[in-house]
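Asks: got a sequence here, can you build the structure:
(one chain, ligands or ions: 1)
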Amino acid sequence: MKITAAITGVGGYVPDYVLTNQELEQLVDTTDEWITSRTGIKERRLLKGKDQGSSVMGIKAVKQLLEKTNTRPDEIDLVICATVTPDMLFPATANIISAGAGINKAFSYDMNAACSGFLYALATGAQFIQGGMYKKVIVVGADKMSAIVDYTDRANCILFGDGAGAVLLEPSTEGYGLLDQVLCSDGHGEQYLNQKAGGSRRPPTAETVANHEHYIFQEGATVFKFAVKSMADVAAQVMARQNLSHDDIAWLVPHQANKRIIDATANRMGVGPEKVMLNIQRYGNTTNATIPLCLWDYEKQLHKGDNLIFAAFGGGFTWGAIHVKWAYNS
Ligand code: COA
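Replies: Below is the predicted model of the structure:
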């Protein structure tokens with residue numbers, strides 16, 4: 001019998017501190033009206049405090065996931081963390097999260113595919129389940145974007161927030177879970193969205209710090225154009241491959257980068273706003289956490305058998321869409 005990887009639970013965490021558009025108006029030359037109309041974002045959460053990394057949020061999301069699914073930490077086989085803001089370049093943040101959540105019999109590692117990382121990690125985690133060797137895999141998306149946001153750069157500092165979300169993958173023999181995927185990347189996109197320094201090409205120096213090279217660099221308008229086309233293309237492609245019409249789709253679960261990109265993807269799929277998960281207005285772009293945080297916020301509205309299309313776009317460029325048949329009622 002064919003084994004698929006079903007999502008059997010969701011955990012999430014966002015920090016308490018709320019950075020509003022009004023507060024951003026005090027930091028840079030912008031307005032609530034500009035931010036809202038161009039992006040759909042009203043506020044985002046920030047992780048404050050000394051020596052607090054993405055793992056702090058990842059641990060909270062994973063602990064909640066274990067509790068909600070009545071899973072003992074020692075039952076977990078594998079933890080994959082998708083992040084662009086690891087606590088350190090090494091060891092992997094997934095290792096730190098596992099230790100913090102009491103998971104002591106799993107192997108764990110990080111994946112980096114920028115804003116598409118959660119989809120890449122989900123597809124990878126599913127392979128371990130589908131292969132039959134592993135029974136419980138946790139996929140976490142955790143990012144402390146405030147660590148790499150330049151709060152003097154008005155085009156970028158309005159977009160991002162901090163958060164973490166996690167899902168549990170378990171085997172299904174009834175056809176629930178990840179059923180199809182289209183994942184893409186194109187390294188020519190490197191120049192449009194990146195963090196220039198801090199890696200091996202440009203190790204940190206006083207000069208790289210002075211030049212703000214440890215922050216997100218983005219050519220917003222170029223990224224926007226690629227994102228609108230790519231996210232819509234792959235979502236439509238997965239629907240066609242799975243013979244799904246817009247009526248068959250219960251939910252679009254889009255990466256939350258910009259409401260206009262989300263609207264374009266929904267239009268292309270032919271689904272109305274009532275079928276689109278949206279929390280960008282409260283969290284902004286939390287990079288790898290956007291999709292699991294959508295599931296976390298909307299979990300109670302999901303029904304067993306619902307067809308969900310996850311879609312994302314990110315630095316690299318990377319993009320992709322996954323068809324998931326939801327496995328449970330809350
Ligand atoms: N407040 C007011 N004005 C701003 C501003 C802000 N926060 N940020 C930029 N502007 C100005 C620009 O300086 C520019 O002014 P100019 O015409 O005088 O030079 C003008 O607004 C238009 O800038 P532009 O970058 O063309 O705006 P845009 O409509 O493309 O919106 C983004 C900017 C960043 C919101 C948009 O490009 C975007 O969302 N891009 C994709 C980002 C993304 O999703 N990245 C992550 C992918 S995972």
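Asks: ok, residue 151 - contacts?
Replies: Shown in contact with residue 151 (CB atoms under 8 Å, 6 or more residues apart in numbering): 27, 28, 157. The way it works is simple: take the backbone N, C-alpha and C, and place the C-beta from them, glycine included.
Asks: can you rerun that using 7 Å?
Replies: 27, 157 (CB atoms under 7 Å, 6 or more residues apart in numbering).
Asks: who touches whichever helix in the chain runs longest?
Replies: For the chain, the longest helix by residue count, based on DSSP state H, is helix 220-241. With contact meaning CB under 7 Å, 6+ apart, helix 220-241 is reached by 155, 180, 182, 184, 189, 192-193, 254, 257-258, 261, 264-265, 268-269, 309, 311-313, 317, 319-321, 323.
Asks: next, the buried residues of stretch 53-72.
Replies: The neighbour-count check on stretch 53-72 (16 or more other CB atoms under 10 Å) flags 53-66, 69, 71 as buried.
Asks: quick check, nearest of those to the ligand?
Replies: For these, the minimum distance to the ligand (CB to the nearest ligand atom) is 16.8 Å, reached by residue 54.
Asks: wait, the closest one touches residue 140, no?
Replies: No. The pair residue 54 and residue 140 does not pass the contact test of CB atoms under 7 Å, sitting 9.2 Å apart.
Asks: common neighbours of the two, please.
Replies: Residues touching both residue 54 and residue 140 by CB under 7 Å, 6+ apart: residue 164.
Asks: what about residue 203, neighbour count?
Replies: Neighbours of residue 203 under the rule other CB atoms under 10 Å: 9.
Asks: ok but it is inside a strand, no?
Replies: No. Checked against DSSP: H, G, I helix; E, B strand; the rest coil, residue 203 lies outside a strand; its state is coil.
Asks: just the element for residue 178, please.
Replies: strand 177-185 (DSSP states H and E).
Asks: does the ligand sit close to that strand?
Replies: No. Strand 177-185 lies out of reach of the ligand by CB under 6 Å from any ligand atom, never closer than 13.1 Å.
Asks: list of residues touching that strand?
Replies: So strand 177-185 is contacted by 4-7, 119-120, 122-123, 126, 234, 237-238, 241-242, 316-325, 327 (CB under 7 Å, 6+ apart).
Asks: among those residues, which ones are in strands?
Replies: 4, 5, 6, 7, 318, 319, 320, 321, 322, 323, 324, 325 (DSSP state E).
Asks: most surrounded residue in those?
Replies: Within the ones in strands among the contacts of strand 177-185, neighbour counts (other CB under 10 Å) peak at residue 321, which reaches 32 neighbours.
Asks: skip the chain neighbours and tell me the closest residue to it.
Replies: Counting by CB to CB, 6 or more residues apart in numbering, the nearest residue to residue 321 once its immediate chain neighbours are dropped is residue 234, at 4.0 Å.
Asks: pull out the buried members of the contacts of helix 220-241.
Replies: 182, 184, 189, 192-193, 254, 257-258, 261, 264-265, 268-269, 309, 311-313, 317, 319-321, 323.
Asks: among the contacts of strand 177-185, which are in reach of the ligand?
Replies: Cross-checking the contacts of strand 177-185 against the ligand (CB under 6 Å from any ligand atom) gives no overlapping residues.
Asks: contacting residues for the nearest residue to residue 170 once chain neighbours are set aside?
Replies: Using CB to CB, 6+ apart and skipping the chain neighbours, the partner closest in space to residue 170 is residue 8 (4.7 Å). Taking CB under 7 Å, 6+ apart, we find residue 8 in contact with 69, 168, 170, 327, 328.
Asks: so which of those residues comes closest to the ligand?
Replies: residue 168 (25.4 Å).
Asks: list the contacts of that closest one.
Replies: Per CB under 7 Å, 6+ apart, neighbours of residue 168: 8, 9, 65, 69, 71, 136, 138.
Asks: on that earlier part again, closest to residue 207 among the ones in strands among the contacts of strand 177-185?
Replies: Ranked by distance to residue 207 (CB to CB), these are led by residue 318 at 29.5 Å.
Asks: great, nothing more from me.
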